[in-house]
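Enquirer: need the 3D shape of this:
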Amino acid sequence: MSTSFTSSNTHTFTVTNAKYIASKVATDLKRIQRFYNTPSDNMIDKYEQELVVYLKNGFLTEITYGFLSDEDWINPTLRYTPQDFRLFSERDDDPGKVRPGENIQGAYFTSFLISNSRYANVSAAQQEAFIAALPFNRTEGESPGSNGYFSNDLIYSSGGRSLNRSSLKK
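Expert: Numbering: from 1, shown residues only. Sure thing, here's the model as predicted:
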């Protein structure tokens, strides 16, 4: 005698799910602010709003927040990459684990966002509407290098999608 088991899950990713995940990133940024006095509350709010729009529309490849010195990311720097976890177990970590005491002298806080092909494939009118919904405008540029390597450490998830966090390590 044999038995079989079938399981099916359906997730709908909503703006509420996007806000939940983005709030965890905002908490990470607040931790950086607490230790390094930057970014400002206003910029954290804008980064959070921007991330919600990108997540909801599924247009994000990766986003990095951290400190640049001589065109390289230095500690503390965090990188986030979205993932659909239909084939994986849902994991939702608490935000945090930002290291205090890093030397940021001469560095400045910024972020770098890479959109995906889904964004590139929508019409010009849809891109304009999307950009109009963002809290600030980004300029195009080359992705900075890093003073170390990125190591996966946390996963934030909701509604069938996750945002994987990697921290810069020396």
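Enquirer: just the buried residues of stretch 148-167, please?
Expert: 150, 154-159, 161-167 (16 or more other CB atoms under 10 Å). Every residue, glycine included, has its C-beta placed from N, CA and C.
Enquirer: kindly report the same for stretch 30-41.
Expert: Within stretch 30-41, the residues that count as buried by 16+ other CB under 10 Å are 30, 31, 32, 33, 36, 38, 39.
Enquirer: and if you look at stretch 135-146?
Expert: For stretch 135-146, by 16+ other CB under 10 Å, it's 144, 146.
Enquirer: need the mean per-residue confidence for that stretch.
Expert: In this model, stretch 135-146 carries a mean pLDDT of 94.
Enquirer: export it as PDB, just CAs?
Expert: Once non-C-alpha atoms are left out, stretch 135-146 reads as follows in PDB (Å, rounded to 0.1, in the frame of the first residue of the first chain):
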ATOM      1  CA  PRO A 135       9.400  59.800  -2.900                       C
ATOM      2  CA  PHE A 136      12.600  61.000  -4.600                       C
ATOM      3  CA  ASN A 137      14.500  60.700  -7.900                       C
ATOM      4  CA  ARG A 138      17.600  58.600  -8.300                       C
ATOM      5  CA  THR A 139      20.400  59.200 -10.700                       C
ATOM      6  CA  GLU A 140      22.000  56.500 -12.800                       C
ATOM      7  CA  GLY A 141      25.500  55.300 -12.200                       C
ATOM      8  CA  GLU A 142      27.800  52.400 -11.800                       C
ATOM      9  CA  SER A 143      27.500  50.000  -8.900                       C
ATOM     10  CA  PRO A 144      30.200  50.700  -6.300                       C
ATOM     11  CA  GLY A 145      32.700  48.100  -5.400                       C
ATOM     12  CA  SER A 146      33.100  46.800  -1.900                       C
END
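Enquirer: so which residues make contact with it?
Expert: For stretch 135-146, contacts defined as CB atoms under 8 Å, 6 or more residues apart in numbering pick out 45-46, 49-50, 64, 68, 71-74, 77, 112-114, 131, 168.
Enquirer: equivalent analysis for stretch 163-170, please.
Expert: Contact with stretch 163-170 is made by 21, 24-25, 28, 55, 66, 73-83, 97-98, 146-157, as judged by CB under 8 Å, 6+ apart.
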